[in-house]
Structures are given as C-alpha cells and as structure tokens.
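Student: Attaching a predicted model along with its sequence, questions to come.
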Amino acid sequence: MKTFAISLLAALTLSVVSSHAQTFTSIYSFGTKTNPVNGFNEDGTFPVSVVVGTDGNLYGCANGGGTNGAGTAFKMTTAGAITVLHTFCNSVVCPGSLGSPNGMIQASDGNFYGTAMTGGANDAGGVFKLTAQGTFSTLYNFCSITNSSNFCADGAAPKAGLIEGIDGNLYGTTSGGGPQGEGTVFFISTSGVFSNFFNFPIAFASMPNTGLFQGSDTNFYGIFHGGGNNGDGIVYRLTQAGTYTTIYSFGTPTNNNIDGDGPLAPPIEFNGNLIVTTVSGGGVASNGGTVVAIPLDGAPDGEAAKLHTFCTSCDFHGFAPTAQFLIGSDTNFYGATSEGGSNTAGTVFQLTPEGALTTLHSFCAVTNPANCADGSFEGAHPIPPLVQGHDGKFYGVTDEGGLKGNGTVFQIDMGLPAIGPVCTFALSATNATPSASGGSATVGVIASNGCDWTAVSNDGFITITSGSSGSGNGTVHYSVAANSTTNAVTGTMTIAGETFTVTEAGGSAPGGCTFTVSPSVITLTSKGGSKSVSVKTKGTDCAWTAVSNDPFITITSGSNGTASGKVAFTVPGNTNETALSGTMTIAGETVTVNQAVGGCTFKLSPKSAKFKNTGGAKTVKVTPNLTDCTWTAVSNDGFITITGGASGVGKGVVSYTVSTNVSSMTVTGTMTIAGQTYTIIQTPPK
C-alpha cells in the first residue's frame, strides 16, 4: 500500500500510547424529568448531538422523549443545567408537526437550524429554525414536490444534520425521495428558499444517511456506508455546480479490506487530505475499523494511507468508530468508538496526525455500572461527534446509559487553555455628519454573545457619554461639541475595533447664510420611489451642496444651489431581507432615508410543463416583485437545454428545449429558475 504524508512528516507512526492526565465527568443524564400526566421524559431521551453556541452554552437535540415523545431541542450550561427550548411532536398527535430531530447547527445569523426525520406537512420530515430564546418555525416540509412515479422529488426523511456553506446557504441530504427515490442533496436559505442540489440514482446501491463536509477547495464531500466498487462504501465529491465524482471506494479485495469498510461519518480535512473513519475492516485480524487519509483529489493508486486500525479483540482501545473527527485546539484529532474499551461500551480517544492513539475514557456497560471507577451510570456507546467548548474542554453525548438509561452529556478536561468564543463585530452605521451646532447621537454595536468590546474617542470634540464598553450587542452614546469655525471638522471613534467617522459641518460667518432643510427623516416602502427635500436659505449668494452618503440613494436633481431650492432623489426597490437606512448631507444638515424590509419573490408562468416524446421548445415567464431583483435559470437534467434567458434582472423569459425521449418510460426533469423548481414531464413513445 502506498503511503503519503499528511503533514510535513516523512512517515506515519501507527502506534497506541497510554492515556495521560484528563478528567471525565458525566454532567447530565436524560430522562430525569418525567411528565406526571403521560409519563414522557420532558427533557428528552437518546441525545443525537450537541454544538457550542456563541454564548458558550451547549445546544442540542434528543431524538425521543419530550412531552410528546418525539424529541426535544435543549440548551445546557457546561455545568449541566438544562433548559428545554422546544418539544417536537409526531404526526399522529400533532398533524403537520416535525418529529425525531437529527441535531442542529448555529448559523452565522445566530439562529439554530436542523432537520427532522419524521412529521411535517407531508409526513416526510423537514428543516426547522430555532432561535436561542426558543422560538421555533418550520422552514421547509419535504415531499412538497412529487413526480409521476409518486416519489418525493425534493427528497424525504433526512437522517443527518446541516452544514452552512460559504455562500450562507444550509446544505444537507435526505435518505429517500428524489426522482429515483434514492435520496438527494439539497440547499436552503435561512429564509426558507429551497433548491435540489443533486439527485442520487439507483446505481449507487446505498442511500445517503450522513451529512456533508465542505472542503477548502469549496467542494462538498460525503460518504456512503455501502456501495462502490467493492460494496464497502465510498467517499464522493460534489462541486458547487452539482457535478458528482466518486473519489474513493473502500474494501480493497486484494488486501483483506485493510483500508476498512463501512464509513458512517462525514470526513474532515487536514493539510489537504480527507480524514475518514470506517466502522469495520482493517484486516482479517483486526476488523474493528480504520482511520484513513485520502487526498482531496482522490488516492493516486486507489488505496488510502492508513493512520490507525482498531481491533475487535486484541486490545481495550475500542472499535467501530462512528463519530466525525474533531480537530482540537492542540491540532490533534478527537473521536469516539461505539464499541469495545475496557468496559465494552465504547471509548473516547485522541489521535495525533502521526497516528499515535490515546484512549481518554472507556465507557461503562449499561448492564454493569459497577465496572465504572465511580460506580455511577455514566453513559454508554458514544456515537455523535465531540465539540470543544470555549473553556477548552471537550463535550459529547452517549445515546444509551446514564441514570435512566436514556443517554448522557459528558465532559472531558484535557487541561487545554480556554479558547473563548469566535467573535464578530459590526456597527449599525460607519459615519455621522452632524451640523455645526453639534449635539448628541448614538451608534449601535452588533456583536456575538459573550464577546467584549470597548469604544474610544480619538478626537477632542467627540465625547463618549455612555457605552464605553460592553459585551454582546450594545449602544454607544456620544456628543459632538459645536463647531465655532467656518470649516468642517472630521474625527473618529474606535468602537469594537471598527472606525466610526464623524464629519461636522462648519459654522456660518457673522452675518452669513443660514439653511433650513425639511424634512430631516423620510421613510419609503420596500418598492422605493422618488422624493424631494426642501432647502430654504437666509442671506445672499448662499451656496450649498447635496451629497448622498449611501449607494442606494441617488440624487437626481438639486445637487447644489445658491438660493432656496429642492433636492430630488430616488431609491430603488429593496432587494434585501432587512430594512435599510442611509443619509444625505444637504446644506450641511443630515437627512435620514429609511426603507422598509424588502426581499425578492418570484412568480413563474407556467409553473411546470408536459411534452410529448418528440420534445420541443417552450418558454417560462419570470415575474419578480421588484424591478431590481436578479435571478438565474439552470437545467438540472441533461435532456433539458436552456437556449435563452439564463439570467436576468426584473421581468424576463427563459427559453428552453427538450430532446426526444427514446426510452419506454416517462421521464421527469427540473430547472431551477429564480430559486424555484420548474418540473418538466415527458411521455414515452406510444
């Protein structure tokens, strides 16, 4: 087997080392809060994962339990204090509600997003959104689109969670549905705009039960537990355009499957290689699974470089690794085995990039807690991945065991230093243009929870009156002294590491000109439009100018004058899903322009099409709610060709052709037009 370097090391060391100092603590056992009416465990049962929120707390889902028996979403402190944020419900008790969550992530907007395998409007699962305060909403119901074969064309029954792509969309997989009923890859915006990304064909001989990983090359990577050249699983790549490639097939027959077989977790990336675990294989004598490294462009000779082989009977370091690896702050890999260990209930381990393995903890068998060092029910069979908290400690879940046998959340302290939250900062505005008389004003700070910031004035005429420091979102109050000169003055404040500029107008010379600008605040609807501002002068030859300080405001006339006049301006439709606020500086005064929440929506006409087997050409009209809305059109199937209107702004027409259907079956295909699915059905020859 060919071996290649993962880092700058000349070779991989395949060794097992003894455990070093660490502290294991079971911080919570599920099923300890029982509803006296129906007997369900209100806190949930069988946790599926936890993530670390920007506030340092743990957020996760339990697949069962809750007041309706269909799972929960919860928040938990690192000391184990739990708050149930949402209780899921099955379709029998609550028709249309989602049940059996697969876990969730916190997206860059601060909200949590996840998938649920059951329930929903079509009883095929869906995608949900949950705020940190517990406000729950269903973003999408699977099986909202069906085809002529009665398959859920958009997918069904997701069994894995989501990832956030670099484009801000959420990506995931479904285990069923699609044109062939073999599962799909999809993406969805945080506002709920859904698109099919890839449909798996029948030839794969396996359905996607795990999620995706996006590599540094921006491509998406996933695994199949089975299928491939040897029937033992594959690693695949999907480009951002949806082009599929199998880059590795497990189970090399000539080497007794020493590369392993049956991967169950998405890969991670380390130094240009995908690190993948398998739950079995590794050689006849071992057969407990492997850790292998595969270059992003595939193994050059068809065989992966092996970092470690787990053994089912030859040691007590566990076997059958099922969790996606975590790269800790010390750059080592951290993972879990679902079986084996000194107490036969799985382990948590550390693996160096060179292949040296350290068992950090062996879990106790559910049936024999006396084997535990502290005699407690500490949990068994860790399956989901570990996470590292802001305190530097590692956290994970077991889906069995604990005080009630319903799973636990545990902590492992390796003595690593605190890493703190990942902090991002932004200001509600970047500048202000007060008049010569000065005055008081505020600027908002938008910051991740738990992230500290300060505000400092860099110039004497600007004074911070309150809000000179804060944590998370906050407001800085400041005052600007009157400008006694006739020249404008400029100064700055440094707020949360960002520069805020204050440009104060010059005062009038004795006996000079004065200006009155009206109105000072103008509010427009999301559709935009034209408005005007009145400028009144006192004095002779009083020169003034009008300048837009924000690109969405365009001054169309009255950009300067020497007497009373009007300034006309236009604002286009607001294609953003947030309200806009900008300013103009007119005759030294600030005029604020506010625009209501916008966002683009589109209508397609017609919404679908049918063709005879001979094919032909047709068009689709695209009508947005705003004239500035941009859109694209993409064919998702080879027999559909877009001949015109592949993109546009405002209203437009997409032209396309459908080739002849020479098969004996009805074929179904789609185009994605303006984020919507347009379905084409073509009949076979008679």
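Tutor: Right, received. Where do you want to start? Numbers count the residues shown, from 1 in each chain.
Student: Just the pLDDT at Gly262, thanks.
Tutor: What the model reports as pLDDT for Gly262 is 86.
Student: Surely it is in contact with Asp232?
Tutor: Yes - in this structure Gly262 lies within contact range of Asp232 using CB atoms under 8 Å: 6.2 Å. (C-beta placed from N, C-alpha, C; glycine too.)
Student: Overlap of the contact sets of those two?
Tutor: Counting by CB atoms under 8 Å, 6 or more residues apart in numbering, the contacts common to Gly262 and Asp232 are Gly226, Phe250, Gly281.
Student: ok, of those, which one's closest to Gly599?
Tutor: Of all these, Gly226 has the smallest distance to Gly599: 42.4 Å, by CB to CB.
Student: For the shared contacts of Gly262 and Asp232, give me TSV that also has secondary structure and pLDDT.
Tutor: Below are those laid out as TSV (DSSP: H, G, I helix; E, B strand; the rest coil; pLDDT from 0 to 100):
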residue	secondary structure	pLDDT
Gly226	coil	81
Phe250	coil	86
Gly281	coil	84
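Student: which of these tops the neighbour count?
Tutor: When neighbours are counted by other CB atoms under 10 Å, Phe250 leads the shared contacts of Gly262 and Asp232 with 31 neighbours.
Student: so that residue sits right up against Gly231, yeah?
Tutor: No - under the criterion of CB under 8 Å, Phe250 is not in contact with Gly231, lying 9.1 Å apart.
Student: Name the SS class of the closest residue in space to Lys306 that isn't next to it in sequence, please.
Tutor: Spatially, and ignoring its direct neighbours in sequence, Lys306 is nearest to Val292 (5.2 Å; CB to CB, 6 or more residues apart in numbering). Three-state assignment for Val292 (DSSP: H, G, I helix; E, B strand; the rest coil): strand.
Student: quick one: contacts for Val292?
Tutor: Listed by CB under 8 Å, 6+ apart, the contact set of Val292 reads Asp259, Gly260, Ile275, Val276, Thr277, Thr278, Ala304, Ala305, Lys306, Leu307.
Student: Distance check, the first one against Ile680.
Tutor: Right, the one you point to is Asp259. 42 Å (CB to CB, to the nearest Å).
Student: Which residue of these two possesses the greater neighbour count?
Tutor: Asp259 (29 against 21).
Student: Let me see the contact set for the more buried one.
Tutor: Residues in contact with Asp259, defined by CB under 8 Å, 6+ apart, are Met1, Phe250, Gly251, Thr252, Thr278, Gly281, Gly282, Thr290, Val292, Glu303, Ala304, Lys306.
Student: That one should be in a helix, yeah?
Tutor: No - counting by three-state DSSP, Asp259 falls outside a helix, being coil.
Student: For Gly573, state which of the shared contacts of Gly262 and Asp232 is nearest.
Tutor: Checking the shared contacts of Gly262 and Asp232 against Gly573 by CB to CB gives Gly226 as the nearest, at 50.1 Å.
Student: Touching, the closest one and Gly251? I think so.
Tutor: No - if you go by CB under 8 Å, Gly226 and Gly251 don't touch, sitting 9.7 Å apart.
Student: where do the contact lists of these two overlap?
Tutor: Shared contacts of Gly226 and Gly251, defined by CB under 8 Å, 6+ apart, are found at Asp232, Gly233.
Student: Which SSE is immediately downstream of the helix or strand of the chain with the lowest mean pLDDT?
Tutor: In the chain, no helix or strand scores lower on mean pLDDT, DSSP states H and E than strand 15-17, which sits at a mean of 38. Downstream of strand 15-17, the first helix or strand assigned by DSSP states H and E is strand 23-29.
Student: now the residue nearest to the spatial centre of the chain: how far from Gly615?
Tutor: Among the residues of the chain, the one closest to the centroid is Glu164, at 2.5 Å (CA atoms, centre = their mean). Using CB to CB, Glu164 is found at 39 Å from Gly615.
Student: Then Phe142?
Tutor: In terms of CB to CB, Phe142 sits 30 Å off from Gly615.
Student: One more: Ser428?
Tutor: 55 Å.
Student: likewise Phe349?
Tutor: 57 Å.
Student: Name the residue in the two with the higher neighbour count.
Tutor: A count of neighbours by other CB under 10 Å puts Phe349 above the other of Phe349 and Gly615, at 25 against 15.
Student: how many neighbours does Ile268 have?
Tutor: For Ile268, the neighbour count with other CB under 10 Å is 20.
Student: same question, Met414
Tutor: 20.
Student: Outline the domain layout of the protein.
Tutor: As given by automatic domain parsing, the domain ranges for the chain are 423-507, 511-599, 602-682.
Student: Kindly reformat those as CSV containing mean pLDDT and distance to Gln240.
Tutor: Below are the domains of the chain laid out as CSV (pLDDT from 0 to 100; distance: least, CB to CB, whole Å):
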stretch, mean pLDDT, distance to Gln240
domain 423-507, 87, 24
domain 511-599, 88, 22
domain 602-682, 92, 12
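Student: In CSV, list those domains along with distance to Ala323.
Tutor: Listed next are these as CSV, based on distance: least, CB to CB, whole Å:
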stretch, distance to Ala323
domain 423-507, 27
domain 511-599, 36
domain 602-682, 33
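Student: related to what we said a few turns ago, now the contacts of Asp259: which count as buried?
Tutor: Neighbour counting by 16 or more other CB atoms under 10 Å classes Phe250, Gly251, Thr252, Thr278, Gly281, Gly282, Thr290, Val292, Glu303, Ala304, Lys306 among the contacts of Asp259 as buried.
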